[in-house]
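Undergrad: Output the structure for:
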Amino acid sequence: MAARQLAVGRVVLGCWRRAYSSAGAAEFLHRSIVPTMHYQKSLPRYRGPLSCGTGGPAGCSGRQGLEGAASGSGGRGLRLPVPKLEDTIRRYLNAQKPLLNDDQFRKTEELAHQFEKGIGRELHEQLVAQDNQNKHTSYITGPWFDMYLKAREPVVLNFNAFMSFNPDPKSEYNDQLIRATNMTVSAIRFMKTFRAGYLEPEVFHLNPEKSDTQLFKKIIRFVPSSLSWFGAYMVNAYPLDMSQYFRLFNSTRLPKLNRDELYTDEKAKHLLVLRKGNFYIFDVLDKDGNMLKPSEIQAHLKYILSDNSPASAFPLGYLSSENRDTWALLRKDLLDNGNEEALRKIDSAVFCLSLDDFPIKDFVHLSHTMLHGDAANRWYDKSFNLIIAKDGTAGINFEHSWGDGVAVLRFQNEVFKDSTEIPAVSPQSQPASVDSSTAVQKLEFKLNDALKAGITKAKQNFDASVEGLSLNMIQFHEGGKELLKQKKVSPDAVAQLAFQMAFLRQYNQTVATYESCSTAAFKHGRTETIRPASIHTKKCSEAFVREPSKHSTEELQELIVECSKYHGRLTKEAAMGQGFDRHLFGLRYLALSKGIALPDFYQDQAYVRLNYNIISTSTLVSPAVQLGGFGPVVPDGFGLGYQVHDDWIGCNVSSYPTRNGKEFLQCVYKSLEDIFNVLKGKKVGS
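TA: This is a model prediction of the structure:
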């Protein structure tokens, strides 16, 4: 459950400057001097104490915090660290303190120390040994894939997340056909650039004046891959893991009984397009792998948009919204009923382009459309659906098992930049004079009564799930990142503090809270959890909500600063693979995989509650993204996507009927108002 949020990792997104090489041939976005995967072999392993300042990945400048592990492993054993067990237990207990009373905490503390000295120590040693035997990956990779792929809940609302694009700055380019063509062309250019090794490597530049230069790139390209990370490190640049990127294209999650599978077929050359629940395919690459002319892609998309075929009576898309075992059995029926070739075309398509037949009304409608939309016009199992509404509003809904938001956001940034700055077609462009009726194939499916009944039932289940989902949003315009930095407090810490205050104000309690943090600084890193609810946020929230008159403005300012410092420490630890959630998850997974009885530690109700994340959060800020979001990860939870901009803060919250999302956001607004007033030297409520 802990992983069902938009796992983008707040510390990575929008935090580094990327220089774009001059565009090469029309087939590519650019031609990087440094090969795309140049740094992959020498990605670091954490050793020794952190030395964290204000920069580096996740704010960690640690020259002693990161060391390459190339020596002694031939550049192959470069992995996420397994934290020390005693550190994990200490961090775990710190996260439990604000959630438990004294008696509950004493019991949990006792169980934790028993675990640390007994079975936990044995499991930890086995995990470390296993990690040392698998130097090609990270200790969390296998368990994390299993966690996603063994989950039987529908992927929509439970796992898939969305990020919507900002509109094209040139309004006439937001025409549905024009934007669909331009974004499709840019997406294919991204794919070809990546596969050719021309895509700029993902690098966090702490000192871009030195490292993000043509001179440095010309030098580092000649450094062997097994040592290249060290070269970047010497000029305070931190290359990030890019091992997930290949799954962006030609990839699908296949439903199987008990555990799904990831499927990729890079040889396929066709695009999947959905409209009115109908499935269309056409090749976007020729036999030599060259991209079709943009005018031809435009012609084929125009043909699909002009097709007067009625909406599908039994839209297959609904099946991808089903319980995974139910969907696995129905897929087997589809295959047995003569649909193998049609399904193979869906699964192997470069990606799925969903063309909706309605405009977007407002931000709430946008969120509903991109998070779930009409399942008839989605294939939730594809690595991503590029969704374009009638008015050209665009977004991405992505399946989460294959990777995290970091890869998706890089793709989104590049596609937005390319499609808006160097559009392939314009409103004046004429589609090519080609026979689209021959080039475009409409997929037909052979459905027996059982399959038709399965689709009908899937639609009923989907409609019931969506009906209970509420989405609400606010924008706070009384301050943002700039003011908070002037006051020397972390913008992210302030946002998280506001969420804690809001929940306390609304429900009079402090609950388990999750913030996703990327560990892409390590080879095959995924995410780690930041636990924003702390004794510091609880003390500060109670002071603001319950007794503001008892504290001077200076005292309240000190409480905010204390929260900021502690949150900063948690963030740095998480980004360096020094959180506690993934470690404990790995130990639990190991015990179960070896048939060991689940230790008492994991059966403690406090552990269970901590992993029942009522407030689940994720943040991103990017010039390409308008907003992002995801469903609640528990039935009585909030799914909270947020953005802290220079002079405003945006929040997008999802909830089911047991929670009042609109009221929660009103409390968030009040909390932000109070925090900013105090930081400006005013009294609470003034």
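Undergrad: Surely Ile346 is in contact with Val273?
TA: No. Contact criterion Cβ atoms under 8 Å: Ile346 and Val273 do not qualify, at 11.1 Å. Heads up, the C-betas are built off the backbone N, CA and C, glycines and all.
Undergrad: what is in contact with these two at once?
TA: Phe279 (Cβ atoms under 8 Å, 6 or more residues apart in numbering).
Undergrad: ok, the two, which is more surrounded?
TA: The residue with more neighbours, out of Ile346 and Val273, is Val273; 25 against 21, by other Cβ atoms under 10 Å.
Undergrad: Helices of the stretch 551-686 of the chain, start to end?
TA: Here the stretch 551-686 of the chain has its helices, by DSSP state H, counting those that start in this stretch, at 553-575, 581-593, 600-603, 605-610, 661-679.
Undergrad: Mind putting the ones you listed into JSON lines with distance to Pro98?
TA: What follows is those, written out as JSON lines (distance: least, Cβ to Cβ, whole Å):
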{"stretch": "helix 553-575", "distance to Pro98": "11"}
{"stretch": "helix 581-593", "distance to Pro98": "16"}
{"stretch": "helix 600-603", "distance to Pro98": "20"}
{"stretch": "helix 605-610", "distance to Pro98": "11"}
{"stretch": "helix 661-679", "distance to Pro98": "17"}
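Undergrad: quick one: which of the ones you listed is nearest Gly317?
TA: helix 661-679 (26.9 Å; Cβ to Cβ).
Undergrad: what's the closest one packed up against?
TA: strand 470-476, helix 481-486, helix 491-507, helix 535-546, helix 553-575, strand 649-655 (3 or more Cβ pairs under 8 Å, 6 or more residues apart in numbering; DSSP states H and E).
Undergrad: The fifth one versus helix 535-546: what angle between them?
TA: Between the axes of helix 553-575 and helix 535-546, defined by axes from the mean of the first three to the mean of the last three Cα atoms, to 10 degrees, the angle is 140 degrees.
Undergrad: can you dump the C-alpha coordinates of helix 553-575 into PDB?
TA: Taking Å, rounded to 0.1, in the frame of the first residue of the first chain, the C-alpha atoms of helix 553-575 are listed here in PDB:
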ATOM      1  CA  THR A 553       5.100  35.000  16.800                       C
ATOM      2  CA  GLU A 554       8.800  34.400  17.400                       C
ATOM      3  CA  GLU A 555       8.100  31.100  19.200                       C
ATOM      4  CA  LEU A 556       5.900  30.000  16.300                       C
ATOM      5  CA  GLN A 557       8.600  31.000  13.900                       C
ATOM      6  CA  GLU A 558      11.100  28.800  15.800                       C
ATOM      7  CA  LEU A 559       8.800  25.900  15.700                       C
ATOM      8  CA  ILE A 560       8.500  26.200  11.900                       C
ATOM      9  CA  VAL A 561      12.300  26.400  11.500                       C
ATOM     10  CA  GLU A 562      12.600  23.300  13.700                       C
ATOM     11  CA  CYS A 563      10.200  21.400  11.400                       C
ATOM     12  CA  SER A 564      12.100  22.600   8.300                       C
ATOM     13  CA  LYS A 565      15.400  21.400   9.700                       C
ATOM     14  CA  TYR A 566      14.100  18.000  10.600                       C
ATOM     15  CA  HIS A 567      12.200  17.500   7.300                       C
ATOM     16  CA  GLY A 568      15.400  18.500   5.500                       C
ATOM     17  CA  ARG A 569      17.300  15.800   7.300                       C
ATOM     18  CA  LEU A 570      14.700  13.200   6.500                       C
ATOM     19  CA  THR A 571      14.700  14.200   2.900                       C
ATOM     20  CA  LYS A 572      18.500  13.900   2.600                       C
ATOM     21  CA  GLU A 573      18.500  10.500   4.300                       C
ATOM     22  CA  ALA A 574      15.700   9.200   2.100                       C
ATOM     23  CA  ALA A 575      17.400  10.300  -1.100                       C
END
